[in-house]
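Chemist: The following block contains a protein sequence and its predicted model.
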Amino acid sequence: MNSETQTDARVTAEHPSPRDSELIEQFIDALWLEKGLSKNTLNSYRRDLSIYACWLNGQKQCLLESSRTNLLSYLNWRVRQRMKASSTARLLSCLRGFFRYLLREGVLSEDPTLQVESPKRGRPLPKSLSEADVEALLNAPDLDDVLGFRDRAMLEMLYSSGLRVSELVGLQLSQINLRQGVLRVVGKGDKERLVPLGDEAANWLIRYLKEARPGLIQDAGNEVVFPSRRGQQMTRQTFWYRIKRHGLTAGIDQLPSPHVLRHAFATHLLNHGADLRVVQLLLGHSDLSTTQIYTHVAKHRLQSLHQQHHPRG
């Protein structure tokens, strides 16, 4: 085994040193206090920093000894591992924030991320589903089974409201206002937004709460809207598995994920005439540029509007 292979193997075999772990946790705490980032985002930052620290440990170095040369070598290692450019760009953004934090705290005197360019990445179009595929998926769960009834209500809500899967599985009864037909959702960065539920999804939710949820709940004080078989909050991975299963039943060629249904929500809204800024608010995007990718997905609607209304169309 050559030295390069040994270095690569050591990345997954080691843990960050106690000092590196301490620095990482201090940075994560600072992010939470100053920016209010979500738990999932903080976990991603912690994981990226820990993997880099492990790689450095394989080089007999620590985070405080990291140099621009180290960083470039690590980025090259990621290329050899065929890691996505998007994840590497996210990692580099995390490292920039980490080392600037250490500079601010007076722990470092030089930022090793200076003059390190982010990898160029294309902006892939989000995968979506046709309206026919969505209809087939919604009809796939077995309504005679309590879990199937629960899944049908979850799918209806996901497609009707465009929730993130973490927002859906974590939904509490107190966040639902059936009289007004809205959900009070706490999204990324603990930002709260109101999301219309839609008549169809509201009807399924009402039926589910009466007919199916009591068979899943073991503790009367449990506020989780969509509990697991054991009566606890469902994990994102469990719901992902359930959607894949229903996709197979529906005969959908490209098996869907919860995020694909969120994309379908946005795409179908635009195709039926919704304004981009309205979609931005419903999705909970803080920046319109994040939502603008859907203008490419909805290009057929834009072309149709041009043909209908432009004198040279």
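Modeler: Thanks, I have it.
Chemist: Only C-alpha atoms from now on, for both contacts and neighbour counts.
Modeler: OK.
Chemist: Next, count neighbours for Asn145.
Modeler: Asn isn't right for residue 145; it's Asp. 11 (other Cα atoms under 10 Å).
Chemist: how far away is it from Gly215?
Modeler: Distance check for Asp145 against Gly215: by Cα to Cα, to the nearest Å, it reads 10 Å.
Chemist: same thing with Glu25?
Modeler: Taking Cα to Cα, one finds Glu25 at 41 Å from Gly215.
Chemist: And for Leu194?
Modeler: 29 Å.
Chemist: go on, Glu110?
Modeler: 59 Å.
Chemist: for the stretch 201-313 of the chain, what are the low-confidence residue spans?
Modeler: 258, 274-313 (pLDDT under 70).
Chemist: how many neighbours does Ser228 have?
Modeler: Ser228: 19 neighbours (other Cα under 10 Å).
Chemist: Who are the contact partners of it?
Modeler: 216, 234 (Cα atoms under 8 Å, 6 or more residues apart in numbering).
Chemist: Repeat that for the one 3 residues further on.
Modeler: Listed by Cα under 8 Å, 6+ apart, the contact partners of Gly231 are 216-219.
Chemist: how about these in a markdown table, adding distance to Leu158?
Modeler: As requested, the contacts of Gly231 are exported to a markdown table (distance: Cα to Cα, whole Å):
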| residue | distance to Leu158 |
| --- | --- |
| Leu216 | 20 |
| Ile217 | 21 |
| Gln218 | 25 |
| Asp219 | 25 |
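Chemist: Who wins on neighbours among the residues you listed?
Modeler: Neighbour-wise, those (other Cα under 10 Å) top out at Ile217, 20 neighbours.
Chemist: which non-adjacent residue is nearest that one?
Modeler: Nearest residue to Ile217 in three dimensions, chain neighbours excluded: Gly231, at 4.9 Å (Cα to Cα, 6 or more residues apart in numbering).
Chemist: sec struct for the one you found, please.
Modeler: Of the three states, Gly231 takes coil under DSSP: H, G, I helix; E, B strand; the rest coil.
Chemist: Next, give phi and psi for it.
Modeler: phi 80, psi 10 (degrees, to the nearest 10).
Chemist: ok, now which ones touch Leu168?
Modeler: Contacts of Leu168 (Cα under 8 Å, 6+ apart): 154, 158.
Chemist: per-residue confidence at it?
Modeler: We have a pLDDT of 90 for Leu168.
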